[in-house]
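> Got a predicted model here, sequence first, then my questions.
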Amino acid sequence: MEKEIALQQKAHNQLESFLIECGIECPRGKKILEIGFKNGLFLNECREAGLISTGIEINREYYEKVKAKYPDLDILLCDGQTFPVPDESFDFVVSYQVLEHIQSIEHIFSECIRVLKPGGIMYHVCPNYFSFYEGHYKIIWLPFFNKTLGRLYLKLLRRYTRYYETLNIIKPKLVDRALERCHNDLTVISLGRKEFINKFSLEQIEKVNQGFLRGILRLLFRLPFIKKWIPDFISWACFYYPIIIIATKK
């Protein structure tokens, strides 16, 4: 029960952050598509807020569980390629912790462009593998790790599982390159640096799931002469977490 309440609160916070960070003041009646809805809680929050919500999911087990729990939600199974929705049919497209499981983020961006109305907003939240944290294994990570070094590191820690092979090691430069190829169709608003600075607080630090990293950040936050500039430095060095992609369709 406590876990369910925590997940519902997380979905509520996600929607609140999405609306604030994208500057959306009147969401009622707008159409939103979530890529990879998993437990359906975010979609349900959207519906309760007056949005017309649709979700797509590649995992049949997630799809069937959400269909049983929320029979009135508009959800669709997806083959991982073309989104099963019409062109220019949504005001917003969002995803949470999905891009790191996609082989080609450029393909996802192109599909988002296709289904968004002109002026529509694309919003994705995903891990930054140029940071010092790996959220799936909840361990310290090093920014220079590529796929091979990450695999070796996990094996040395005796934490490696085949799940690691499903991960796309996304870094800000990779996202920059993918967005640059879409520059004729998208106007990039943010990659999450500003949002990281705005949220950098003791409350946010306490949400970090890795004890050592949480302790370091807690210490830095309590040093006044460092607290003033550490968020800007982390942002400038691209160590911030997560990546938040906000872009509008031209």
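On my side now, so go ahead. Numbering: from 1, shown residues only.
> Which stretches in the chain count as strands?
31-35, 52-57, 74-77, 90-96, 116-126, 133-134, 139-140, 186-190, 243-249 (DSSP state E).
> Tabulate these (CSV), appending distance to Ser17.
Backbone N, C-alpha and C define where each C-beta goes, glycine included. Output for those, formatted as CSV (distance: least, CB to CB, whole Å):
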stretch, distance to Ser17
strand 31-35, 14
strand 52-57, 16
strand 74-77, 22
strand 90-96, 10
strand 116-126, 9
strand 133-134, 19
strand 139-140, 25
strand 186-190, 12
strand 243-249, 9
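> of all these, which lies closest to Arg151?
Distance to Arg151, taken as CB to CB, is lowest for strand 133-134 among those, at 12.0 Å.
> helices and strands around the longest helix seen in the chain, which ones?
Assignment by DSSP state H gives helix 2-21 as the longest helix of the chain. Counting contacts by 3 or more CB pairs under 8 Å, 6 or more residues apart in numbering; DSSP states H and E, helix 2-21 packs against helix 41-48, strand 90-96, strand 116-126.
> What residues of it count as buried?
Buried residues in helix 2-21, defined by neighbour count with 16 or more other CB atoms under 10 Å: Ala11, Gln14, Leu15, Phe18, Leu19, Glu21.
> sorry, back to before: kindly reformat the strands of the chain as JSON lines containing distance to Lys171 and mean neighbour count.
JSON lines is the format used below for the strands of the chain (distance: least, CB to CB, whole Å; neighbours: other CB atoms under 10 Å):
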{"stretch": "strand 31-35", "distance to Lys171": "20", "mean neighbour count": "24"}
{"stretch": "strand 52-57", "distance to Lys171": "26", "mean neighbour count": "23"}
{"stretch": "strand 74-77", "distance to Lys171": "31", "mean neighbour count": "16"}
{"stretch": "strand 90-96", "distance to Lys171": "17", "mean neighbour count": "24"}
{"stretch": "strand 116-126", "distance to Lys171": "10", "mean neighbour count": "21"}
{"stretch": "strand 133-134", "distance to Lys171": "13", "mean neighbour count": "22"}
{"stretch": "strand 139-140", "distance to Lys171": "17", "mean neighbour count": "16"}
{"stretch": "strand 186-190", "distance to Lys171": "16", "mean neighbour count": "16"}
{"stretch": "strand 243-249", "distance to Lys171": "8", "mean neighbour count": "23"}
